[in-house]
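1. What would the 3D arrangement of this be:
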Amino acid sequence: RLALAGNGIKARGLQLLAEAAHGPNSHLEELDLNRNRLGDSWKSSELRSLADLFAWRELAAPEVAVEVPEPFHGLRSCLLCGNDLDDTAVALLAEGIRQSVGLEVLGFAHNAIRD
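-> Next comes the predicted model:
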């Protein structure tokens, strides 16, 4: 669990955080980024790095001959409320959400999402 609400984190900081959390020894399942500044200025690669955490699976070792289910290491909870994220930003995140098998909680309240 990582709680970073209200820290003024922008999209570049999010990308660095997501890259670190994507490592083989990471078991990040809950991420609270409420009330940051992710929507202030962002690039698609920065938001895609977060989207990748929704659907991340550890690859099975190539020498394993028996088919074993891949363990899920993606986010189960992601809170992004109050970040001024717009429709385009949410559409990029939706790519990862569609592939997620373990996401249970997703918070997008108080953003700049339109109809």
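2. C78: which element?
-> Here C78 is covered by strand 77-79, with elements defined by DSSP states H and E.
3. Give me the buried positions along that strand.
-> Of the residues in strand 77-79, those buried by neighbour count under the rule 16 or more other CB atoms under 10 Å are C78, L79. (C-beta placed from N, C-alpha, C; glycine too.)
4. same thing with stretch 44-52?
-> E46, L47, S49, L50, A51, D52.
5. Show residues contacting that stretch.
-> Applying CB atoms under 8 Å, 6 or more residues apart in numbering, the contact partners of stretch 44-52 are 11-12, 14-15, 18-19, 22, 38, 78, 89, 92-97.
6. of the residues you listed, closest to L106?
-> Nearest to L106 out of those is C78 (CB to CB; 5.7 Å).
7. could you check the distance from that closest one over to D115?
-> From C78 across to D115, the span is 23 Å (CB to CB, to the nearest Å).
8. go on, G8?
-> 29 Å.
9. More neighbours: which of these two?
-> Regarding G8 and D115, a neighbour count based on other CB atoms under 10 Å identifies G8 as having more, with 10 against 3.
10. Chain neighbours aside, what residue packs nearest to the more buried one?
-> R37 (5.4 Å; CB to CB, 6 or more residues apart in numbering).
11. The one you found is in contact with G6, isn't it?
-> No: in this structure R37 lies outside contact range of G6 using CB atoms under 8 Å: 10.1 Å.
12. neighbour-wise, which of these two wins?
-> R37 (18 against 12).
13. so who does C78 touch?
-> The contact partners of C78, taken as CB under 8 Å, 6+ apart, are E30, L31, L33, L50, L53, F54, L103, V105, L106, G107.
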